[in-house]
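Q: this one's structure only:
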């Protein structure tokens, strides 16, 4: 779920996960591995701050209607 939410934020903003990792100084493939390992709160906070969202938004199941609306708005 965390990786799904981060992937969606990246897609909405035209940023790759690899670019996000570089911008935050996080090791290569660290975020992509969060689907099988748990991230630290510090790293989650970095990602949340980068995108201007709350930790709750990263950790909660996305509302499919909100995701679809965001995709339409982003022209995806």
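A: Okay, I see it. Since this is a predicted model, take the numbers as computed values, not measurements.
Q: and the helices in this structure, which stretches?
A: 2-13, 17-24, 41-51, 55-59, 64-74 (DSSP state H).
Q: just say which of the ones you listed is most tucked in.
A: helix 2-13 (a mean of 17; mean count of other Cβ atoms under 10 Å). For the C-beta atoms, the positions are set from N, CA and C on the backbone; glycine is no exception.
Q: same for it, what does it pack against?
A: For helix 2-13, the elements it packs on are helix 17-24, helix 41-51, helix 55-59, helix 64-74, judged by 3 or more Cβ pairs under 8 Å, 6 or more residues apart in numbering; DSSP states H and E.
Q: so what's the gap between that helix and the chain middle?
A: Centroid displacement of helix 2-13 relative to its chain, using Cα atoms, centre = their mean, to the nearest Å, is 4 Å.
Q: next, the angle helix 41-51 makes with it.
A: Interaxial angle, helix 2-13 versus helix 41-51 (axes from the mean of the first three to the mean of the last three Cα atoms, to 10 degrees): 20 degrees.
Q: mind checking the pLDDT average for helix 2-13?
A: Regarding helix 2-13, the rounded mean pLDDT is 93.
Q: please apply the same query to stretch 59-76.
A: 66.
Q: same deal with stretch 20-38?
A: Mean predicted confidence for stretch 20-38 is 93.
Q: many thanks, I have nothing further to ask.
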